[in-house]
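**Student:** Got a sequence here, can you build the structure:
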Amino acid sequence: MDQLALLFVLLLGALLSVPVGERLGVPSPVLMTLLGGVLAIADFVPNVSIPPDLILPALLPPLLYAAVRRTSWRQFAANLRPIFLLAVALVFVTMVCVALVANAIVPGLPIAAAVALGALIAPPDPVAATAVAGQLGLPRRLVSILEGEGLFNDVTAIVLYHVAIAAAVTGAFSWPRAGLDLVLSAVVALAVGLALGWGANRLMDLLGEPTLQIGLSLLVPYASYVLAEELHGSGVLAVLTTALFLAEYATDADDVMTRLAGHTFWDIVDTLVTGVAFGLIGLELHNAIRTASGRWGELLGWAAAVTGVVVLVRLLWLLPATWLTQRLHARRDYDEEIPVSWRETVVMWWSGMRGVASVALVLAIPLKTDDGSPFPDRDEIVFIAFGVIIATLVLQGLTLPWLVKRLGVQADSEREKEFEKELAVRASKAAKHRLKEIEQVEELPEELSEQMLRRAYDIGIRISPDIGEEERRDAHRRRAARLKRVRRIQGEMLSAARHEVLAARSEPGADPEIVDRVLRHLDVRSMR
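**Tutor:** Down below sits the predicted model:
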C-alpha cells in the first residue's frame, strides 16, 4: 500500500466513521484514531512521511474555519473571561506542572526540553473538543466554552512551545522576550486576520457566483494562516479573526444559494479533514513504538505520570475557576455562558482531549541543537507526548458519552424551544411589516392581500407551530397536509421531467452543456 492509497483509506474511513460511530455511540474522531493505530501496526502499511512543518498548515486552517462558522463574535465577547481562564491561564499552569514533573522523573531532561513537552501537550485540541462534544447533545453554553477554549489555547501554547524549543536549541532564554513574543504574535495575527477578512469580503462581492465565493472561502483560511506565520504571528489566531470577520460581515440574508451550498461544502470538508487528522494521529503511533523498543516499562510509567498530571491539573484548576466565574457572574449582569453545576464542570474536565496540534508540535521538535548535538531526550519526549495524546483522546473520548449520560448533562431543550419560538414570532412580524409597506405603494386585490397575510403568518408557524392559537394551528395543519400532497404530486412531475431531460443526454446530437443547464433549472425548482 503506497501513501496515496493510504490517504484514500483514511478519507473513506472518515465517511464511514460517522454512521458507525452513531450506531456504536462512539465519537467518530476516536474511531479514526483507532483505525490509524491499527494501520500503524500492520506490516503492509507504509510509515507516514509527512513533513512535520506541513501538518499544522495543511489541517488546522480548514478545521478552525469550519468550527468558527458555527459560532459568532458575540459569543466570544460574552465568554471572554472563562475563555481566558482556560485558553491562557490553564495552558500556562499545565505547561509549568508538566515541565516540573517531567524534569523530576526523566533522568537528565533539561528544563527547556521539559517546558517544550509541557507546552505541546498543554492545549486541549479544538478539533477533538468540538467534534466529540458537539455530538453528545451538551448544553450550548458548554459547547461554546469548549469551542472558545480550543480555538484560543493553541495561540498561547504554540508561542510558548517555540520559545522553549529556541531555549533548548540555543541554550538562551528570557522571560521578557517570551512575553514580548506572545504579544507581538497576537498583534500581528489580529492585523493579518482583519485585513484578509476585509479583503475577502470585498472580493466575494466582486465574484458574485456562489461557486467562486465558496472556492475563495476555502483559500482564505490557508492564506490567513500562512501569511501570519510568515510575519511571525499566530496563524491560529489569524484564521480565527478572519473567520469571525467574515461570519459577521460577509453574510447576505438574500444569498440563499451561496449559504446552502456553503454549509454543505464546509460540512464535507469538516468531515473529511477531521477524519484524516485523527487517522494520522493513530498512524504516527509507529514513532512511539519504535522509541519504546526494550524500554516499555520505564517509558509507559513516565507517560502515565505525565498523563495523570495533565488530567489532574485540569480538574484542580476548573473547580475554583468555575466557582469564581459563577460568583462574578452572579454579582454582575454578564451575558456569558458558564457551567451552572458541578456536573457540567466534570464534563468540561473530561472533555480536555489532546489531538492534532500536539501531534504536529511533537513531530516538529528539531533533531539537533545549534552546536550539532542531538536534541536532548527527543525520543523520550515523543513517546511521552504520544502516550498523553492517545490516553486522553481514546480513554476520555470513549468514556465521555457514558459520563454525560450518567451525570444527566443535556441541552436545555425548553430554553432552545423558547428562543426558536421567539425567532419565529420575529420572522412572522417582519414579513407582515414588509407586506404592509408593499400595500402602501402597490394596490393589491383583497384576495391576494389575504393570501399573502396568511403566508406571512405561516412563515412563523412553520418554524414553531406553538406560536399560534389552537384554531389557527388546526388551519395550518390542514393547509400543511394539502400543501404536502401538492408537493408530492409536483415532486413526481418534476422527477419525470428530470428523467426525460437526463435521458436526452445520451441521444445523438444532444449538447450535454445545454442538458445540464436545463437540469440545473429543474433541480433549483425542485429545491424551492
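**Student:** only C-alpha atoms for contact and neighbour calcs from this point on.
**Tutor:** OK.
**Student:** How about the secondary structure of residue 376?
**Tutor:** coil (DSSP: H, G, I helix; E, B strand; the rest coil).
**Student:** Distance of it relative to residue 292?
**Tutor:** 16 Å (Cα to Cα, to the nearest Å).
**Student:** The two - which one has more neighbours?
**Tutor:** Comparing residue 376 with residue 292 by other Cα atoms under 10 Å, the one with more neighbours is residue 376, at 20 against 17.
**Student:** Phi and psi next, for the more buried one.
**Tutor:** Residue 376 adopts backbone torsions of phi -60, psi 120, taken as degrees, to the nearest 10.
**Student:** repeat for residue 110
**Tutor:** phi -60, psi 150.
**Student:** can you count the residues close to it?
**Tutor:** By other Cα under 10 Å, the burial measure for residue 110, its neighbour count, is 16.
**Student:** try the one 10 residues further on
**Tutor:** Residue 120 is flanked by 27 other residues according to other Cα under 10 Å.
**Student:** and what of residue 404?
**Tutor:** Residues near residue 404, counting by other Cα under 10 Å: 20.
**Student:** Hmm, it is touching residue 346, no?
**Tutor:** No - contact status for residue 404 versus residue 346: not in contact, 9.2 Å apart, counting by Cα atoms under 8 Å.
**Student:** Check which helix or strand the most centrally placed residue in the chain maps to.
**Tutor:** By Cα atoms, centre = their mean, the chain has its centre lying nearest to residue 67, at 3.2 Å. Per DSSP states H and E: residue 67 is located in helix 52-68.
**Student:** which outside residues touch that helix?
**Tutor:** Under the criterion Cα atoms under 8 Å, 6 or more residues apart in numbering, residues 126-127, 130, 147, 151, 218, 221-222, 225-226, 236, 239-240, 243-244, 266-267, 269-270, 273-274, 277, 356-357, 360-361, 363-364 lie in contact with helix 52-68.
**Student:** Now it: average pLDDT?
**Tutor:** For helix 52-68, mean pLDDT rounds to 79.
**Student:** Next, the buried residues of that helix.
**Tutor:** Within helix 52-68, the residues scored as buried using 16 or more other Cα atoms under 10 Å are 55-57, 59-68.
**Student:** Likewise for stretch 182-196?
**Tutor:** Result for stretch 182-196 [16+ other Cα under 10 Å]: buried residues 182, 185-196.
**Student:** One more: stretch 106-124?
**Tutor:** For stretch 106-124, by 16+ other Cα under 10 Å, it's 106, 109-124.
**Student:** CA atoms of that stretch as CSV?
**Tutor:** These are the backbone C-alpha positions of stretch 106-124, laid out as CSV (Å, rounded to 0.1, in the frame of the first residue of the first chain):
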residue,chain,number,x,y,z
VAL,A,106,13.1,11.7,33.4
PRO,A,107,16.8,11.5,34.3
GLY,A,108,18.9,14.2,32.6
LEU,A,109,15.9,16.0,30.9
PRO,A,110,16.8,19.7,30.7
ILE,A,111,14.3,22.2,31.9
ALA,A,112,13.9,23.8,28.5
ALA,A,113,13.1,20.5,26.9
ALA,A,114,10.7,19.7,29.7
VAL,A,115,8.9,23.1,29.1
ALA,A,116,8.7,22.2,25.4
LEU,A,117,7.0,19.0,26.4
GLY,A,118,4.6,20.8,28.7
ALA,A,119,3.7,23.4,26.0
LEU,A,120,3.0,20.9,23.3
ILE,A,121,0.6,18.8,25.4
ALA,A,122,-0.9,21.6,27.4
PRO,A,123,-3.7,22.7,25.0
PRO,A,124,-6.8,20.5,24.6
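**Student:** what about that stretch, distance to the chain center?
**Tutor:** 27 Å (Cα atoms, centre = their mean, to the nearest Å).
**Student:** any idea of the mean pLDDT for it?
**Tutor:** On average, stretch 106-124 scores 90.
**Student:** how about low-confidence regions in the stretch 201-350 of the chain?
**Tutor:** 250-256, 287, 326, 328-340 (pLDDT under 70).
**Student:** Helices of that one, start to end?
**Tutor:** Using DSSP state H, counting those that start in this stretch, the helices found in the stretch 201-350 of the chain span residues 210-230, 235-249, 256-283, 285-291, 296-331, 342-350.
**Student:** Repeat that for the stretch 1-150 of the chain.
**Tutor:** 3-24, 28-41, 52-68, 73-78, 80-84, 91-105, 111-121, 126-133, 140-170.
**Student:** Give me the buried positions along the longest one.
**Tutor:** Applying a neighbour-count criterion of 16+ other Cα under 10 Å, one finds 141-169 buried in helix 140-170.
**Student:** ok, now stretch 305-322?
**Tutor:** 305-307, 309-311, 313-315, 317-318, 321-322.
**Student:** now these in CSV, with distance to residue 84?
**Tutor:** Below are these laid out as CSV (distance: Cα to Cα, whole Å):
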residue, distance to residue 84
305, 27
306, 24
307, 23
309, 21
310, 18
311, 19
313, 16
314, 14
315, 16
317, 13
318, 12
321, 11
322, 12
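**Student:** quick one: contacts of stretch 300-316?
**Tutor:** 90, 93-94, 97-98, 101-102, 105-106, 122, 346, 349-350, 352, 383-385, 387-388, 391-392.
**Student:** do the same with stretch 150-162
**Tutor:** By Cα under 8 Å, 6+ apart, stretch 150-162 touches 64, 83, 86-88, 91-92, 115-117, 119-120, 122-127, 129, 178, 181-182, 185-186, 234, 236-237, 240, 357, 361.
**Student:** Most tightly packed of the helices of the stretch 201-350 of the chain?
**Tutor:** Neighbour counts averaged per stretch over the helices of the stretch 201-350 of the chain are highest for helix 235-249, at a mean of 25; criterion: mean count of other Cα atoms under 10 Å.
**Student:** So which elements touch it?
**Tutor:** helix 52-68, helix 140-170, helix 175-207, helix 210-230 (3 or more Cα pairs under 8 Å, 6 or more residues apart in numbering; DSSP states H and E).
**Student:** Now for residue 41, how many residues are close by?
**Tutor:** Residue 41 has 16 nearby residues by other Cα under 10 Å.
**Student:** my read: it touches residue 284, true?
**Tutor:** No - using Cα under 8 Å, residue 41 makes no contact with residue 284, being 10.1 Å away.
**Student:** now the residue nearest to residue 25 when sequence neighbours are not counted: how far from residue 308?
**Tutor:** Of all residues not flanking residue 25 in the chain, residue 401 sits nearest, at 7.3 Å (Cα to Cα, 6 or more residues apart in numbering). Remark: distance between residue 401 and residue 308 (Cα to Cα) = 21 Å.
**Student:** Same check on residue 246?
**Tutor:** 40 Å.
**Student:** Also residue 196?
**Tutor:** If you go by Cα to Cα, the gap between residue 196 and residue 308 works out to 41 Å.
**Student:** One more: residue 273?
**Tutor:** Residue 273 is 30 Å from residue 308, by Cα to Cα.
**Student:** before we move on, what about residue 370?
**Tutor:** Counting by Cα to Cα, the gap from residue 370 to residue 308 is 33 Å.
**Student:** hmm, back to that, present the buried residues of stretch 182-196 as a markdown table; the columns should include pLDDT and distance to residue 203.
**Tutor:** Shown next, in a markdown table, are those (pLDDT from 0 to 100; distance: Cα to Cα, whole Å):
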| residue | pLDDT | distance to residue 203 |
| --- | --- | --- |
| 182 | 75 | 31 |
| 185 | 83 | 27 |
| 186 | 84 | 25 |
| 187 | 90 | 24 |
| 188 | 92 | 22 |
| 189 | 91 | 21 |
| 190 | 92 | 20 |
| 191 | 95 | 18 |
| 192 | 95 | 16 |
| 193 | 93 | 15 |
| 194 | 94 | 14 |
| 195 | 95 | 12 |
| 196 | 94 | 10 |
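**Student:** Good, wrapping up.
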